[in-house]
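A.B. asks: build me a structure from this.
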Amino acid sequence: MFSWLTNAWRVPELRKRVLFTAMILALYRLGSWMPAPGVNSDQIQAYFSNKGGTVLGLLNLFSGNALSQFSLFALGIMPYVTASIILQLMTVVIPKLEQLQKEGEAGTAKINQYTRYLTVMLAALQSIGYAFLFKRQGALEANSGRMVLIVLTLVAGTTLLMWMGELITKRGVGNGISLLIFASILATAPAGVRAWIDGGPMEKLFFPLIALGVIVAVVFIQEGQRRIPIQYAKRMVGRRQTAGGSTYMPLRVNMAGVIPVIFAAAVMAFPPTVAQFFPSTQTFVNSHFQPGNWLYLGLEAGMIVIFTYFYTAVQFNPVDQADNLRKYGGYVPGIRPGPPTAQYLDRVLTRLTLPGAIYLAVIAVLPSIFIRYGGFSQATSRALGGTSVLIVVGVALDTMRQMESQMMMRNYEGFLK
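C.D. replies: So this is what the prediction gives:
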């Protein structure tokens, strides 16, 4: 691995891309520590000291602790991710968006433009909500003019992050938006390491073994796929006859990625958040909706399974895939083209999604189980499983895969030499 990284560093263009990506990520982390104008970071941090199980604690994790300091990048890149998910779901409902999605590069550019507009709207609404929430809780002292300045600063910070992510995708290495989330989650790793060092003997002994096992399981499932054989018949294109061939259609075990875990965590974080504004419900919520409670773990696991099937159905449409295969002369051996092929793909995908959904549910509830029965601290357990490991490992694999393809493209010795 180290020799591969050394060879990648020797390629001038790849080295420039890596350095450019590192520079953008460094600027992102710098902006995450710079407070917004007129904000007392100590008061905000004191307010966040007991918000681990709420929606604010989840959003603070994805912002790399920038929200707990109300910094320039307090919103993080999550408004863009939310806007992208909303538009993906709306393509199933709105025919115009579905038509744009099928128009190739021009349609994709139009959808990206809509995503940017929606990101700015969501960032404005979210920043207004944060400002009024912190002011109501006494963590923010600001008049109307300063509130407007804070809202404009947070919206500008999210817009700048969106631009920085697109710059990484265009001129750097890997997917820029994913790398920004990757950097945010890694920013919380030192707190987990510190908690592990200060933990008990059981935690010190078993944490490295469990963390290694979780990472291996994530890599194994993330790379797992079912290959559907595809055969292409000979056909005439103009006056030329194209030769037939055989290939395969890869169906991933975890096609939904980390989105179902984020959805389920956000839904399960709502009751503790709402209970803060209604003191009469806090007793019930504290006894039934704590992360270590079995009712909480069961509901979260069930929601992850449901969201996995739902998002997989949004991402992969068997009818469209079967129509595309028939259009280009492809077919699954032993299956008739058209509706039978769509039914076959749907049946395979339904069976394949079940182990992927169970895997996501197990990975998501592992930290809570180790906190309750293993004597692990909350900071340590948050670093070994769940959404954090899924995102970090997934983004790392994708980035390494792109760097490997860049190296293969530049080191290929063709017949012209």
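
A.B. asks: contacts, neighbours, all on C-alpha from now
C.D. replies: Will do.

A.B. asks: C-terminal to the helix or strand hosting Glu166, what's the next element?
C.D. replies: Secondary structure assignment for Glu166, by DSSP states H and E: helix 144-171. Following helix 144-171 in sequence order, the next helix or strand is helix 176-186 (DSSP H and E).

A.B. asks: chain center to that following helix: distance?
C.D. replies: Remark: helix 176-186 is offset 9 Å from the chain centroid, using Cα atoms, centre = their mean, to the nearest Å.

A.B. asks: helices and strands around it, which ones?
C.D. replies: In terms of contacts (3 or more Cα pairs under 8 Å, 6 or more residues apart in numbering; DSSP states H and E), helix 176-186 is packed against helix 12-33, helix 55-62, helix 144-171, helix 387-411.

A.B. asks: now the longest one: buried residues?
C.D. replies: Going back to what we said before, that points to helix 144-171. Within helix 144-171, the residues that count as buried by 16 or more other Cα atoms under 10 Å are 147, 150-162, 164-165, 167-169.

A.B. asks: which one of the helices and strands packed on helix 176-186 has the lowest average pLDDT?
C.D. replies: Ranked by mean pLDDT, the helices and strands packed on helix 176-186 bottom out at helix 55-62, which scores a mean of 70.

A.B. asks: in the helix or strand following that one, what's buried?
C.D. replies: Remark: after helix 55-62, the chain's next helix or strand is helix 78-93, criterion DSSP H and E. Using 16+ other Cα under 10 Å as the test for burial, helix 78-93 gives Met78, Pro79, Tyr80, Val81, Ala83, Ser84, Leu87, Gln88, Thr91.

A.B. asks: likewise for stretch 305-315?
C.D. replies: Val305, Phe307, Thr308, Tyr309, Tyr311, Thr312, Ala313.

A.B. asks: and what of stretch 112-121?
C.D. replies: Thr115, Arg116, Leu118, Thr119, Val120.

A.B. asks: how about the buried residues of stretch 305-315 in TSV, adding distance to Val319, pLDDT and secondary structure?
C.D. replies: Formatted as TSV, the buried residues of stretch 305-315 follow (distance: Cα to Cα, whole Å; pLDDT from 0 to 100; DSSP: H, G, I helix; E, B strand; the rest coil):
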residue	distance to Val319	pLDDT	secondary structure
Val305	23	90	helix
Phe307	21	86	helix
Thr308	19	89	helix
Tyr309	16	89	helix
Tyr311	16	84	helix
Thr312	14	87	helix
Ala313	11	83	helix
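
A.B. asks: for the protein, longest helix please?
C.D. replies: Taking DSSP state H as the assignment, the helix of the chain that covers the most residues is helix 339-373.

A.B. asks: got the angle for that one vs helix 387-411?
C.D. replies: Interaxial angle of helix 339-373 relative to helix 387-411 (axes from the mean of the first three to the mean of the last three Cα atoms, to 10 degrees): 130 degrees.

A.B. asks: how far off centre is helix 339-373?
C.D. replies: Here helix 339-373 is found 17 Å from its chain centre; the criterion is Cα atoms, centre = their mean.

A.B. asks: mind giving me the packing neighbours of that helix?
C.D. replies: Using 3+ Cα pairs under 8 Å, 6+ apart as the contact criterion, the elements in contact with helix 339-373 are helix 201-223, helix 259-275, helix 294-315, helix 318-327, helix 378-384.
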